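J.: my questions concern the predicted model and sequence given below.
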Amino acid sequence: MSRQVTDRKTSSLPKGHSRFALGTNLVSCPPVQNVATPHKFTEATLLSHERFPVAFALSVLFLGALWFGLCRELSGEWSVNEQYNFGWFVPFFALYLFWLRWQDRPPAEIPNLKSQVPNSAALAMAIAALLLLLPLRLFEIANPEWRLLAWVHALAVVTLTLLLLWWGGGKAWLRHFAFPVAFILIAVPWPTSLETPVIQGLMRIVAHVAAETAMLLGTPAQVEGNLIRVSNGLVGVNEACSGIRSLQTSLMIGLLFGEVKRLSVLRRLALVVCAVVIALLANFLRAVFLVMVAATENLSEVSRWHDIAGYSIIAFVFVATLALAYLLGKHNRTVAAGVSPAKMQVQPTRLPLQFSARYVLAALSWLLFVEVGTASWYRLHERNLISGIRWNVQWPEQAPNFRKLKIDNEIRAILRFDEGDAAAWTTSSPVNATEPKTVPCSLYVFRWNPGKNSALLANLHRPDVCLPASGWKQVADHGVRSYPISDSVELPFRHFEFQRSFEGSPPQTAHAFYCLSEDRASGGSASLGNTDSPGMFGNRSEWTRSERLRAVLEGRRHLGQQVIEAIFMSNEPFSSAEAETQLRDFVRDVVRLRETE
């Protein structure tokens, strides 16, 4: 019966037309009624249809360039400092959170065109943030590890992103997307003035708690600053053991899960506090465990278990915080901001600053000008530079008592070198052939590749910086002299003299020789191994603001550096002339020229 009715309806259609093409009542169908009804085409509608696609595409390109530049600058700290290794995940987490927010975004607000005061203020903020990028990039290139610049850069990017969202959707979008945009701030390194007291305080607390707990468990332990003395030796409480890495990671995890579950503000705060408490308690247990291992086994076992216990803590904090977020989310009454995509109404959007593609195109052009302009500034100051002396070290592995030295992870995090080696051995003084003097020798060699660090960084491993931290007292600075490494090439070394003494024993003497070579230098100094390098003369770098500013004004960026530091120690009288004779023979035997790149 139904098939007959269908056949009759089909036969009533005009010949040559499919029954799927038109309805039976053409005039009353919704599409025709919509066409027949008069519409008022406003300026907002025209902007929405004509300009928004182009403006949207340019906005995505602008935001991509803006955030890529920020992550590129922060990646240096994420790579070399294990406290901030988690930063590599933060941009992806932020993008995921933004995508979740985009799924239930609220309708874009139609602004009140009569109110121009907020619009003018927003425009001023956007222009100020964009203009700030030029001096910011100038300073970042010369001082890429300056954490104050990282914070200014991150805040400028967050501000510009939020303003663009506000232009696109009004205050509703600004409130809705604020958290995922600002989430990147968790990965910005803390200012040193804040981080250092927190680390030192946590190290002292962890050392005392671990020692007291070990005593309660029947293991004798005594606190000596940040060290814990047990029967087998000393256990150090460094930055990783202090819990600062666990603390920063737990903050990230707590904020992440609080946003994923859309918890209320109080529940998010409770989740973050619980994550931090879990991380600190787990870290205290790790410190106690390492002290017990050192006391019952040996100190080498501490090194083996140190990193395993650390990563176990991070995994435990992740799982525990996830479980807490699940429990808090079960009873969460907070309704997610916005409405579901199914209930969203498509409406014309007029952006508050009469937004068009020209604004974003101008901003993109400014970003390009900033990059080209800053690169040109440094290239202008480098136009007279030529390739300097490049050398490497041939280790005397056949020397008596030769052994490679392990460079501590803390030193690696501070110096940020790309290549580094150290070794120690004993040698004989050539001054008195009848009664040769045995002299212990230590050699440190570091290499920094171009671009990643500040040109001031190699200045941190001068002998007058490192040896006083080990109890040595500087007694003389014999200046800079050049020593031949071949028949035609010499390297300059700065000669320092140190002494230290212990009760009941004669004073020890150490002669330290330091050479800093630049990969590219002025023509007059290349033949002498860059003797005009700022690290070779004057006082050590104090990383003052005036010093950083001078590096920018002089157009000094990091073009590659090498450092070699030789230390000769003796329990017997050892004159500076003997030390320099020792170095002269040492340099010819160990240092080798290599081709410039």
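T.: Now that the structure is in, tell me what you want to look at. Treat the numbers as computed from the prediction; the structure is a model and nothing was measured.

J.: what's Ala129 in contact with, if anything?
T.: Neighbour list for Ala129: 156, 159-160, 163 [criterion: CB atoms under 8 Å, 6 or more residues apart in numbering]. Where you see a C-beta, it was placed from the backbone N, CA and C, and this is true even at glycine.

J.: am I right that Phe177 falls within a helix?
T.: Yes: Phe177: assigned to a helix according to DSSP: H, G, I helix; E, B strand; the rest coil.

J.: how many neighbours does it have?
T.: Using other CB atoms under 10 Å, Phe177 has 24 neighbouring residues.

J.: check contacts around it.
T.: 98, 101, 105, 162, 165.

J.: ok, it to Leu97 distance?
T.: Using CB to CB, to the nearest Å, we find Phe177 at a distance of 9 Å from Leu97.

J.: also Asn401?
T.: Going from Asn401 to Leu97 by CB to CB gives 57 Å.

J.: ok, now Val587?
T.: Distance, Val587 to Leu97, using CB to CB: 57 Å.

J.: and Ala121, by the same measure?
T.: Distance, Ala121 to Leu97, using CB to CB: 28 Å.

J.: could you find the closest non-adjacent residue to Ala275?
T.: Excluding its sequence neighbours, the residue lying closest to Ala275 (CB to CB, 6 or more residues apart in numbering) is Gly254, at 3.7 Å.

J.: so what's that neighbour up against?
T.: By CB under 8 Å, 6+ apart, the residues touching Gly254 are 268, 271-276, 321.

J.: and the strands in the chain?
T.: 222-224, 227-230, 233-236, 385-387, 391-393, 403-404, 419-429, 437-448, 473-484, 490-500, 508-518, 520-522, 561-570, 591-593 (DSSP state E).

J.: in terms of mean pLDDT, which of these ranks lowest?
T.: Note on those: strand 233-236 shows the lowest mean pLDDT, a mean of 63.

J.: before we move on, the earlier item: greatest separation within the contacts of Gly254: which pair is it?
T.: Pairwise distances across the contacts of Gly254 peak at 12.8 Å for Arg268 and Val276 (criterion: CB to CB).

J.: circling back: which one of the strands of the chain lies nearest to Val181?
T.: Comparing the strands of the chain by CB to CB, strand 437-448 comes nearest, at 34.2 Å.

J.: the closest one vs strand 508-518, what angle?
T.: 30 degrees (axes from the mean of the first three to the mean of the last three CA atoms, to 10 degrees).

J.: who does strand 437-448 pair with, and is each partner parallel or antiparallel?
T.: Taking DSSP bridges as the criterion, strand 437-448 forms sheet pairs with strand 419-429 (antiparallel), strand 561-570 (antiparallel).

J.: got the contact list for the first one?
T.: Taking contacts as CB under 8 Å, 6+ apart, the residues outside strand 419-429 that touch it are 393, 395-396, 399-407, 412, 436-447, 574, 578, 581-582, 586.

J.: what comes up buried for stretch 394-405?
T.: By neighbour count on 16 or more other CB atoms under 10 Å, the buried set for stretch 394-405 is 396, 399.

J.: quote the end-to-end distance of it.
T.: Stretch 394-405 stretches 15 Å from its first residue to its last (CA to CA, to the nearest Å).

J.: then stretch 446-466?
T.: 14 Å.

J.: distance from the chain centre to it, please.
T.: Chain-centre distance of stretch 446-466: 17 Å, with CA atoms, centre = their mean, to the nearest Å.

J.: and what of stretch 311-324?
T.: Stretch 311-324 sits 23 Å away from the centroid of its parent chain (CA atoms, centre = their mean).

J.: stretch 309-322 too?
T.: Taking mean C-alpha positions (CA atoms, centre = their mean), stretch 309-322 and its chain are 22 Å apart.

J.: shift numbering so it begins at 277
T.: From this message on, residue numbering opens at 277, which makes the last subject stretch 585-598.

J.: quick one: contacts of it?
T.: So stretch 585-598 is in contact with 516, 521-522, 525-526, 529-530, 533, 547, 550-551, 554-555, 558-559, 562, 565-566, going by CB under 8 Å, 6+ apart.

J.: neighbours of Trp375, how many?
T.: Residues contacting Trp375 under the criterion other CB under 10 Å number 10.

J.: how far away is it from Thr435?
T.: Here Trp375 is placed at a distance of 22 Å from Thr435 (CB to CB).

J.: which intervals of the stretch 377-526 of the chain have sub-threshold pLDDT?
T.: 386-394, 500-503, 507-520 (pLDDT under 70).
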